[in-house]
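> only geometry, no sequence info:
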């Protein structure tokens, strides 16, 4: 299929490889947005027949869905993402993982933020298997948070939910590409955005995605993934869910704030204990050093005295050697007959 799509306002990119059990729910969450002017592109990165069948069903069910069936790339289909974005006429681009969900107001929230920003993302929340929400507070409007994200391994901005303007994408030097070994593709891409001059970034005050943590999902089989996501899908369609979700997010932020505060207190106590230990060590070693310095001074005086005495003794010897008696002694000691007599003298 050609990468060029219809003339839509928002492009939603959904990369997929082997999550046939959850892909349908993920894409359906994108199609249920309050903003309907969407071009949803499922990028197949070496998919199997099961995933391909799900993707074709999605295309048949809604003309806003397209499917690009590509061979497996060295990484995660970054080159195809680049093709799709550069060929699109959409004003806004957002992303969705194939086993995550978008809340119905996600696109509307991102579009509002991107009215006067270049890059935006939802408030970072992940959902544990037991349903507990965990917050990773950040604010890309704060330069300190941006600087923190520029270190490899530092990232709270998930692929799912991240959004940017098409104009911002045209400003980056390379766009989506396979990352170096050991780097996350999305963080490697965000880094290009974050290093641009005068880029305007924002973190939404609300969480608009349902995202299980990647590390936990690695140990869950396809049926468990599907069951977990279905549970959240059902909850999302219950009356009053949005209000309840916001309350749970607020509680997750509160718990994160408490944990951070307590960690800071423990760290402060450890630093204080270390500082006190340094002071005590200085006091102990300071006395010992003073004692050693006094000994060094005493030894220095003794050495100076001995050197003076040695110098005086050498002077006396030189005077003695200069006398007539000493010169006569030297001449006699050099006579062969006297050396033989001295050699035969009993000890």
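Right, received. Where do you want to start? Computed from a predicted model, the values in this text were never measured in an experiment. Numbers count the residues shown, from 1 in each chain.

> tell me the domain ranges of the protein?
Per the record, the chain has its domains at 10-237, 242-347, by automatic domain parsing.

> Of all those, which one is nearest residue 3?
domain 10-237 (4.4 Å; C-beta to C-beta). Bear in mind the C-beta positions are built from the backbone N, C-alpha and C, glycine included.

> quick one on the thing from earlier: can I get the domains of the chain in TSV including distance to residue 4 and mean neighbour count?
Shown next, in TSV, are the domains of the chain (distance: least, C-beta to C-beta, whole Å; neighbours: other C-beta atoms under 10 Å):
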stretch	distance to residue 4	mean neighbour count
domain 10-237	5	18
domain 242-347	36	10
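
> lowest-confidence stretch among those?
Ranked by mean pLDDT, those bottom out at domain 242-347, with a mean of 79.

> Residue 40 should be in a strand, yeah?
Yes - under DSSP: H, G, I helix; E, B strand; the rest coil, residue 40 falls within a strand.

> my guess is it contacts residue 10, does it?
No - distance between residue 40 and residue 10: 9.1 Å, which falls outside the contact criterion (C-beta atoms under 8 Å).

> Using CSV, please lay out the domains of the chain together with distance to residue 3.
Shown next, in CSV, are those (distance: least, C-beta to C-beta, whole Å):
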stretch, distance to residue 3
domain 10-237, 4
domain 242-347, 35
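
> centre of the chain versus stretch 83-96, how much separation?
From the chain centre to the centre of stretch 83-96 is a distance of 27 Å (C-alpha atoms, centre = their mean, to the nearest Å).

> With stretch 122-130 instead?
That offset, for stretch 122-130, works out to 19 Å (C-alpha atoms, centre = their mean).

> who touches residue 187 in this structure?
149, 152, 154, 155, 157, 179 (C-beta atoms under 8 Å, 6 or more residues apart in numbering).

> Please apply the same query to residue 15.
43, 45, 76, 77, 81, 95, 97, 98, 159.

> residue ranges of the helices in this protein, please?
Shown for the chain, the helices assigned by DSSP state H span residues 20-31, 49-61, 78-87, 106-113, 143-149, 166-171, 185-194, 214-217, 222-236, 241-321, 324-333, 336-344.

> how about those helices in a markdown table, adding distance to residue 5?
Shown next, in a markdown table, are those (distance: least, C-beta to C-beta, whole Å):
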| stretch | distance to residue 5 |
| --- | --- |
| helix 20-31 | 14 |
| helix 49-61 | 12 |
| helix 78-87 | 7 |
| helix 106-113 | 16 |
| helix 143-149 | 30 |
| helix 166-171 | 12 |
| helix 185-194 | 20 |
| helix 214-217 | 28 |
| helix 222-236 | 26 |
| helix 241-321 | 30 |
| helix 324-333 | 115 |
| helix 336-344 | 118 |
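
> quick one: which of the ones you listed is nearest residue 202?
helix 106-113 (4.9 Å).

> what residues does that closest one touch?
9-10, 12, 30, 33-35, 38, 92, 94, 120-122, 161, 163, 202, 204, 206, 208-209.

> Try it again at 6 Å.
10, 33, 34, 35, 92, 94, 120, 163, 202, 204, 208 (C-beta atoms under 6 Å, 6 or more residues apart in numbering).

> and which of those residues is nearest to residue 239?
residue 34 (16.6 Å).

> so how far is residue 122 from that closest one?
For residue 34, the distance to residue 122 equals 15 Å [C-beta to C-beta, to the nearest Å].

> Same check on residue 259?
21 Å.

> Does residue 185 touch residue 76 like I think?
Yes - under the criterion of C-beta atoms under 6 Å, residue 185 makes contact with residue 76 at 5.4 Å.

> Please name the bridge partners of the residue lying closest to residue 157 once chain neighbours are set aside.
Nearest residue to residue 157, sequence neighbours excluded (C-beta to C-beta, 6 or more residues apart in numbering): residue 121, at 5.0 Å. Under DSSP bridges, the beta-bridge partners of residue 121 are residue 203.

> ok so, going back, nearest to residue 134, of the helices of the chain?
helix 241-321 (5.9 Å).

> Which secondary structure elements does that closest one sit against?
Secondary-structure packing of helix 241-321 (3 or more C-beta pairs under 6 Å, 6 or more residues apart in numbering; DSSP states H and E): strand 133-135.

> ok, the strand it packs on: who's next to it in the sheet?
Strand pairing for strand 133-135, using DSSP bridges, gives strand 125-127 (antiparallel).

> how long is stretch 34-42 from one end to the other?
Start to finish, the residues bounding stretch 34-42 are 20 Å apart (C-alpha to C-alpha, to the nearest Å).
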